[in-house]
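*Asks:* how would this look folded up:
(chains A, B, C and D)
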Number of protein chains: 2
Amino acid sequence: MTKGAPGVQSESASTSLRTRSQHQRRKRIVQAAAALASRGGVEAMQMRTVAERAGVALGTLYRYFPSKMDLVVAVVGEEIDLLEGSIERRPPTATTPSGRAVDVLMRATRGLMREPELADALIRSLIIAEVDTPLGDRMTGLLLRAAGHELSTETATEEQYALAGALASVWVHELLEMLRGRRTYEQIQRRIEIVATRLLADFPTPPSA
Amino acid sequence: MTKGAPGVQSESASTSLRTRSQHQRRKRIVQAAAALASRGGVEAMQMRTVAERAGVALGTLYRYFPSKMDLVVAVVGEEIDLLEGSIERRPPTATTPSGRAVDVLMRATRGLMREPELADALIRSLIIAEVDTPLGDRMTGLLLRAAGHELSTETATEEQYALAGALASVWVHELLEMLRGRRTYEQIQRRIEIVATRLLADFPTPPSA
DNA sequence: GGGCTCAGTAGAATGCGTTCTATTTCGGCG
DNA sequence: CGCCGAAATAGAACGCATTCTACTGAGCCC
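*Replies:* Now for the predicted structure:
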């Protein structure tokens, strides 16, 4: 994390006028970027074009997002927020840990399938990005909470964390294969089920009341 | 596969003079590329520089490798050849399927660690590349043969193939984390062991004679 | 032996991410 | 009120992958 970059606002005291307008600007940029990416993928999301659409100068864009990758990561972040919200609203109902994990992953898969161009760009970048808080970790966290009873990033054992992480990375890989046209949705589901049952077999389940 | 690209020689009848010199050229290019990448990673491996070092014109380089990615993939291919050779010469000796798989993967890990810059470039590209024969598949094949008794890409069940593929993708992901400095060799080993024992638990073992 | 084809060459041109420069705008503070 | 400094702006500049152009040379077929 470098100095006064407005990219991530460390939610401190006063939401000053300036902070607010920065927030607006940042939001507009991400929106413009997402819109462009959803038509035509990363290549359509050119920095000049994003800046133009967002109504900011190229330099300003680069102030908020020091590289194209950072911008892409921000867009992915929004998508994950959406998924997280959806899970909170309607938690997975399956009775086994692996069932719940599969539910979460396939829901995410469907979400991404809706915007293939965007998804492709985002997933690839997600893998490559050298970000401080990699987005794969967020998926791992989601999986832990969904799959294990009373489990979270904090309470999980190292082993559980490794297993959830492994499942997340398999999912990402399968998703990539789908976007390349080498998997159907059904194949992914089958493969994820196969892997999830093996990996999450001894995750804690709620006391069957 | 496009038309007359000399990149991949469809090993037909006569190794004509022309074919031979093409082969030499191709080899020189890949060597130059690998040498450059092993210092300074992908960014040091600039197309102009590769061409120069290989003693060919930029246009020629692009005739053999239509994009930088194709060149990178060729370099990765060489590395996998090396690993394959090493495994044939000295097959894994562990007694369980997962033990043998871990052996193979950790051997590959050590090989790649020796040239971190190269490895980083290669692994990333390996993930992203839109190649016809993705290199991940080759790792999956290696794992199948190493882990399962009398198993190969042809004889494996769909389930076994999915499981070996999953293990390969987890390994790639862990490797990437290592190259980013977020894992040590020991952590990877531990994680791969955890995952491999779960995934390969019911792979066929030789009749304990 | 002459023309055809096509690999090869040198190098200019293009596109896009990123950086740099000079200038302007504006909120806050003495 | 007037000034300071951070944030914005327009736009040029730079680097590198990729593409394009015009030319040369060597094997090959009739």
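*Asks:* how does chain A divide into domains?
*Replies:* A:17-66, A:69-199 (automatic domain parsing).
*Asks:* could these go into a markdown table alongside distance to B:Leu61 and mean neighbour count?
*Replies:* Heads up, the C-betas are built off the backbone N, CA and C, glycines and all. Formatted as a markdown table, those follow (distance: least, Cβ to Cβ, whole Å; neighbours: other Cβ atoms under 10 Å in any protein chain shown):
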| stretch | distance to B:Leu61 | mean neighbour count |
| --- | --- | --- |
| domain A:17-66 | 23 | 16 |
| domain A:69-199 | 24 | 19 |
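*Asks:* can you tell me the helix or strand for the residue positioned nearest the centre of chain A?
*Replies:* Centroid check for chain A by Cα atoms, centre = their mean gives A:Ile80 as the closest residue, at 3.7 Å. Taking DSSP states H and E as the definition, one finds A:Ile80 inside helix A:68-89.
*Asks:* Also A:Arg182?
*Replies:* Using DSSP H and E, A:Arg182 is not contained in any helix or strand.
*Asks:* Backbone torsions only: list them for it.
*Replies:* A:Arg182 has phi and psi values of phi -100, psi 0 when expressed as degrees, to the nearest 10.
*Asks:* Test for you: state the pLDDT assigned to it.
*Replies:* Per-residue pLDDT puts A:Arg182 at 86.
*Asks:* Next up, the contacts around it.
*Replies:* By Cβ atoms under 8 Å, 6 or more residues apart in numbering or on different chains, no residues touch A:Arg182.
*Asks:* any idea how far it lies from DNA strand D?
*Replies:* 22 Å (Cβ to the nearest atom of the strand, to the nearest Å).
*Asks:* again with A:Glu177
*Replies:* Distance, A:Glu177 to DNA strand D, by Cβ to the nearest atom of the strand: 22 Å.
*Asks:* A:Glu84 too?
*Replies:* Per Cβ to the nearest atom of the strand, A:Glu84 is found 28 Å from DNA strand D.
*Asks:* I'd like to know which of the domains of chain A is closest to B:Thr95.
*Replies:* domain A:69-199 (20.4 Å; Cβ to Cβ).
*Asks:* ok now the closest one, how far from the chain's centre?
*Replies:* In terms of Cα atoms, centre = their mean, to the nearest Å, the gap separating the centre of domain A:69-199 from the centre of its chain is 8 Å.
*Asks:* And that domain, end to end?
*Replies:* 32 Å (Cα to Cα, to the nearest Å).
*Asks:* the helices in chain A, which residues?
*Replies:* All helices of chain A, identified by DSSP state H, fall at A:17-38, A:41-44, A:47-54, A:58-64, A:68-89, A:97-113, A:116-128, A:135-147, A:158-179, A:185-199.
*Asks:* May I see those helices organised as CSV, with mean pLDDT and distance to DNA strand C added?
*Replies:* Formatted as CSV, the helices of chain A follow (pLDDT from 0 to 100; distance: least, Cβ to the nearest atom of the strand, whole Å):
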stretch, mean pLDDT, distance to DNA strand C
helix A:17-38, 84, 5
helix A:41-44, 87, 6
helix A:47-54, 97, 4
helix A:58-64, 96, 4
helix A:68-89, 90, 3
helix A:97-113, 94, 21
helix A:116-128, 73, 11
helix A:135-147, 88, 18
helix A:158-179, 91, 19
helix A:185-199, 98, 29
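*Asks:* Around chain B, pick out the residues from chain A.
*Replies:* Proximity of chain A to chain B, by Cβ under 8 Å from any Cβ of the partner chain, involves residues A:124, A:127-128, A:130, A:136, A:159, A:162-163, A:165-166, A:169-170, A:172-174, A:176, A:180, A:190-191, A:194-195, A:198-199, A:201.
*Asks:* how close does the residue nearest to the centre of chain A get to A:Leu143?
*Replies:* For A:Ile80, the distance to A:Leu143 equals 12 Å [Cβ to Cβ, to the nearest Å].
*Asks:* now A:Val75
*Replies:* According to Cβ to Cβ, A:Val75 stands 21 Å off from A:Leu143.
*Asks:* Please name the nearest non-neighbouring residue to the residue nearest to the centre of chain A.
*Replies:* Leaving aside its chain neighbours, A:Ile80 sits nearest to A:Arg138 (5.3 Å; criterion: Cβ to Cβ, 6 or more residues apart in numbering or on different chains).
*Asks:* From what I see, the one you found and A:Glu78 are in contact.
*Replies:* No: under the criterion of Cβ atoms under 8 Å, A:Arg138 makes no contact with A:Glu78, lying 11.9 Å away.
*Asks:* Surely A:Val76 is in contact with A:Leu122?
*Replies:* Yes: taking contacts as Cβ under 8 Å, A:Val76 lies within contact range of A:Leu122: 4.6 Å.
*Asks:* In a markdown table: the domains of chain A, plus distance to B:Gly111.
*Replies:* Listed next are the domains of chain A as a markdown table, based on distance: least, Cβ to Cβ, whole Å:
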| stretch | distance to B:Gly111 |
| --- | --- |
| domain A:17-66 | 32 |
| domain A:69-199 | 21 |
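*Asks:* Which residues are in contact with the residue lying closest to A:Ala196 once chain neighbours are set aside?
*Replies:* Among residues not flanking A:Ala196 along the chain, A:Ser98 sits closest, at 4.0 Å (Cβ to Cβ, 6+ apart). A:Ser98 makes contact with A:Ala147, A:Glu193, A:Ala196, A:Thr197, A:Leu199, A:Leu200, A:Ala201, A:Phe203, according to Cβ under 8 Å, 6+ apart.
*Asks:* same thing but at 10 Å, please
*Replies:* Going by Cβ atoms under 10 Å, 6 or more residues apart in numbering or on different chains, A:Ser98 touches A:147, A:167, A:192-201, A:203.
*Asks:* now A:Leu200
*Replies:* Per Cβ under 10 Å, 6+ apart, neighbours of A:Leu200: A:96-102, A:143-144, A:147-148, A:160, A:163-164, A:166-167, B:198.
*Asks:* cool, A:Ile87 as well?
*Replies:* Per Cβ under 10 Å, 6+ apart, neighbours of A:Ile87: A:Arg100, A:Asp103, A:Val104, A:Arg107, A:Ala108, A:Leu142, A:Arg145, A:Ala146.
*Asks:* likewise A:Ala119?
*Replies:* A:37-38, A:41, A:76, A:79, A:108-109, A:111-113, A:175-176, A:178-179.
*Asks:* how many other residues sit next to A:Ser67?
*Replies:* Neighbour count of A:Ser67, defined by other Cβ atoms under 10 Å in any protein chain shown: 12.
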